[in-house]
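Asks: Show me how the following folds:
(2 chains)
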There are 2 protein chains.
Amino acid sequence: MYNFEFEVPVKILFGKGSIENLVPEILKYGKRVLLCYGGGSIKRMGLYDTIIKKLDQAGIFYKELSGISPNPRIEEVEEGIKIVREHKLDFILPVGGGSTIDCSKAVSAGVNYAGSAWDLITGKAEIKNVLPIGTVLTLSATGSEMNCGAVISNLKTKEKLGFGAPPLLPKFSVLDPEYTYSVPKNQTAAGTADIMSHTFECYFSLNDGAYLQDRFAESILKTCIEYGPLAIKNPESYEARSNLMWAGTWAINGLLSDGKKTAWSVHPMEHELSAFYDITHGVGLAILTPHWLRHCLNDKTVKKIADYGVNVWGLPKGEEVYKTAEKAIECTSDFFKSLGIPMTLKEAGIGEEHLKEMAEAAVAHRGKNGVIYGFQELRADDVYAIYKAAL
Amino acid sequence: MYNFEFEVPVKILFGKGSIENLVPEILKYGKRVLLCYGGGSIKRMGLYDTIIKKLDQAGIFYKELSGISPNPRIEEVEEGIKIVREHKLDFILPVGGGSTIDCSKAVSAGVNYAGSAWDLITGKAEIKNVLPIGTVLTLSATGSEMNCGAVISNLKTKEKLGFGAPPLLPKFSVLDPEYTYSVPKNQTAAGTADIMSHTFECYFSLNDGAYLQDRFAESILKTCIEYGPLAIKNPESYEARSNLMWAGTWAINGLLSDGKKTAWSVHPMEHELSAFYDITHGVGLAILTPHWLRHCLNDKTVKKIADYGVNVWGLPKGEEVYKTAEKAIECTSDFFKSLGIPMTLKEAGIGEEHLKEMAEAAVAHRGKNGVIYGFQELRADDVYAIYKAAL
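Replies: Predicted coordinates:
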């Protein structure tokens, strides 16, 4: 196990009706709020009205940043920063999924920075002196509600980049699984794939002696496998929605990665798909994952992939290890397919035209010296081969 | 899944050499330190000298509370409070296992309370206005390094009581697995049993839909089963010591219990053994656990115990469910025995003489209306039957 620091002071308010504690939590930090949300699902489910009423009753001043995109864009961040400065707001309240939260984090980071907010995303400038954030989650997927990371897209430069800093940890997050009842089937599937992919990125590493972390990872994978299909079949299953929600939160807050050497592989490859084609992140991850695993399969990695098959998919122990590993990859692919996810790039609307360019961009944005150092080293030609296999 | 709040802002510094960051962490909170430790193992391993040197170099004033007992006593707490008041100390640094940390928490709670510190343990007075604590852990067992609970004994009244409050969460904890290399075999075994028991207390509950939490619990159990024996066989296995240490921390900080209705059963029963006979806590837990499970085994609980057997011990699925459950209990008992733990009360020096009295005390101290509401309801005669079976 490698050395690490773990410090995640986010207060989680989990369960039905947790919104009742929203106002007292906000008032610990501010009283002039930027309310952020996306395409209006929070209005359809009545959550918007609930929150507005609470803010009004408490005399909390607020302005809105609405219409945040599924892959939030730097222009939306800049708009949020402008509103905060104009109205001297002191707290940011994203109500939505990871996109809304990520956009809010970028606004939080940018408010007190004099230059272009894009500098903070690219790492050109340091993130400090941020505005406090509290979140109300309505989608189980990105885990942004309990970590300090975020992803912002720049469609002009065709970049979709991750960034993060401890000050961006939300002060609190309200996690009411009932708010995810209205998430459509395809988004539930994509969210489940996203949670699993975060877990895979941490899980698939070699010889780090982080046994506990890998068992925790398998716990999250089993939870997704148990409840992803159930949430699609029965969207108002509280048991399914609550388990998925809590699994998504723990998949990417340090529990699975701390103590391990993890360098993410599928996310860098997928981010180029989203940057070039604006597809749903979780769909891109699901498409690429089995092909990535197949590409990585070799004498060094086979045991880990086979263990995954035995521990997560319940494959029989003691069979020929390559056979078990290949079966595990097949189970993964079949599972995503069973959730209704289109499992080829073509079905997702992506052709051959930019594959080479995207492969080079993936390595350039997320690699070092032309290599993504993950479960297996990936160079641009590896990424290209994976994209090709996924067509 | 039941509603809950999760908020554990303890900063964990994990790994070899983490002590290097001790002084900067202390200086965030204070510069007049009460250094607490137990019987001197920290002197034998050189950790005492390391810390003293660091405090001296940083010009941090300190006084010592040493000789804290394995079951820390209220008199030791009172002595600590006296030293803090006399020297106007502002920070408490326990270096040791759960006993030392628990005693320090009680000192922290008592310093600014005018009455008897025992009031805070019994719940007669509220815990507030505490002194900040940071810990250096040398034993994997109680999880006190990342939670706000503690247990203090009063030998005069024959009481061993748990208490806790969020302000008692340590500000930071230094977890260097190498500090546990010198833990003797029997203490390693007892610590492993303690971690497993914390996990069992959360895991064995009925129909709460907290699937993820139960998979997390199984992860910790598997880690103890994998590495407990290895740490005993090879005390300087970093892999074994690091996995046990991190497992112990997560077994009792909310991850396994939040979202579930858990009422502890074996701890209340064991606390009376320790209160009456001052035996090692983990040994008492190991002795009682299999008999408790057997006593609980019925049509309501059998599925959960059988699932435990399948998921944790790898017993075959689909066999007759009582057979699987009984085999799971046997595996548990055999495992503790394999660690060298004396598995009867008699071997631990406890006879029939106080069984009835202890059974009544267990229910009185930890029950409500004469009942301990756990996996199964336990009345005094149930506890007595379990003690008898464990003789």
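Asks: Name the residues of the stretch 101-250 of chain A found near chain B, please.
Replies: Neighbours of chain B within the stretch 101-250 of chain A, by CB under 8 Å from any CB of the partner chain: A:177, A:209-213, A:215-216, A:218-220, A:222-223, A:226-227, A:238-239, A:242-243, A:246-247, A:250. Glycine gets a C-beta too; all of them are placed from N, C-alpha and C.
Asks: Break down chain A into its strands, ranges please.
Replies: A:4-6, A:11-14, A:32-36, A:61-65, A:91-96, A:134-137, A:149-154, A:159-164, A:172-175, A:372-373, A:377-378 (DSSP state E).
Asks: and A:Ala389, which of those is closest to it?
Replies: strand A:377-378 (13.1 Å; CB to CB).
Asks: Show the secondary-structure elements that the closest one is packed against.
Replies: Packing partners of strand A:377-378 (3 or more CB pairs under 8 Å, 6 or more residues apart in numbering or on different chains; DSSP states H and E): none among the helices and strands.
Asks: Looking at the stretch 51-200 of chain A, what residue ends up closest to chain B?
Replies: Residue of the stretch 51-200 of chain A nearest chain B, by CB to the nearest CB: A:Pro177 (7.7 Å).
Asks: got the strands of chain A as a markdown table, with mean neighbour count columns?
Replies: As requested, the strands of chain A are exported to a markdown table (neighbours: other CB atoms under 10 Å in any protein chain shown):
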| stretch | mean neighbour count |
| --- | --- |
| strand A:4-6 | 18 |
| strand A:11-14 | 22 |
| strand A:32-36 | 23 |
| strand A:61-65 | 17 |
| strand A:91-96 | 28 |
| strand A:134-137 | 28 |
| strand A:149-154 | 23 |
| strand A:159-164 | 20 |
| strand A:172-175 | 26 |
| strand A:372-373 | 20 |
| strand A:377-378 | 22 |
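Asks: Pipe these into TSV and attach mean pLDDT per row.
Replies: Below are these laid out as TSV (pLDDT from 0 to 100):
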stretch	mean pLDDT
strand A:4-6	98
strand A:11-14	98
strand A:32-36	98
strand A:61-65	98
strand A:91-96	98
strand A:134-137	98
strand A:149-154	94
strand A:159-164	89
strand A:172-175	98
strand A:372-373	91
strand A:377-378	96
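Asks: Tell me what the residue lying closest to A:His271 once chain neighbours are set aside is bridged to.
Replies: Distances taken as CB to CB, 6 or more residues apart in numbering or on different chains place A:Lys160 nearest to A:His271, at 4.3 Å, with adjacent residues excluded. Under DSSP bridges, the beta-bridge partners of A:Lys160 are A:Ser153.
Asks: Please name the residues that touch A:Lys160.
Replies: A:Asn71, A:Val151, A:Ile152, A:Ser153, A:Asn154, A:His271, A:Glu272, A:Ser274, A:Ala275 (CB atoms under 8 Å, 6 or more residues apart in numbering or on different chains).
Asks: in the residues you listed, which two residues are the furthest apart from each other?
Replies: A:Ile152 and A:Glu272 (14.8 Å).
Asks: ok, the spatially closest residue to A:Asp208 that is not a sequence neighbour - contacts?
Replies: Leaving aside its chain neighbours, A:Asp208 sits nearest to A:Lys260 (4.8 Å; criterion: CB to CB, 6+ apart). Contact partners of A:Lys260, counting by CB under 8 Å, 6+ apart, are A:Met1, A:Tyr2, A:Cys202, A:Ser205, A:Asp208, A:Ala210, A:Gln213.
Asks: So what does the closest residue to chain B within the stretch 251-391 of chain A have for phi and psi?
Replies: Here the stretch 251-391 of chain A gets closest to chain B at one residue, A:Gly259, 6.9 Å apart by CB to the nearest CB. The phi/psi pair for A:Gly259 (degrees, to the nearest 10) reads phi 100, psi -10.
Asks: what about it, how many neighbours?
Replies: 24 (other CB atoms under 10 Å in any protein chain shown).
Asks: Assess the claim that it and B:Trp246 are in contact.
Replies: Yes: at 6.9 Å, A:Gly259 and B:Trp246 qualify as touching, with contact defined as CB atoms under 8 Å.
Asks: which helices and strands does whichever helix in chain A runs longest pack with?
Replies: When chain A is parsed with DSSP state H, its longest helix is helix A:211-233. Using 3+ CB pairs under 8 Å, 6+ apart as the contact definition, the elements that helix A:211-233 packs against are helix A:185-203, helix A:238-250, helix A:302-313, helix A:321-338, helix B:211-233, helix B:238-250.
Asks: Turn those helices into TSV, columns for mean pLDDT and distance to B:Leu35.
Replies: Shown next, in TSV, are the helices and strands packed on helix A:211-233 (pLDDT from 0 to 100; distance: least, CB to CB, whole Å):
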stretch	mean pLDDT	distance to B:Leu35
helix A:185-203	98	37
helix A:238-250	98	35
helix A:302-313	98	44
helix A:321-338	98	51
helix B:211-233	98	27
helix B:238-250	98	21
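Asks: Make JSON lines out of these and add mean neighbour count and distance to A:Gly80.
Replies: Shown next, in JSON lines, are these (neighbours: other CB atoms under 10 Å in any protein chain shown; distance: least, CB to CB, whole Å):
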{"stretch": "helix A:185-203", "mean neighbour count": "25", "distance to A:Gly80": "23"}
{"stretch": "helix A:238-250", "mean neighbour count": "27", "distance to A:Gly80": "24"}
{"stretch": "helix A:302-313", "mean neighbour count": "20", "distance to A:Gly80": "40"}
{"stretch": "helix A:321-338", "mean neighbour count": "18", "distance to A:Gly80": "34"}
{"stretch": "helix B:211-233", "mean neighbour count": "23", "distance to A:Gly80": "33"}
{"stretch": "helix B:238-250", "mean neighbour count": "27", "distance to A:Gly80": "36"}
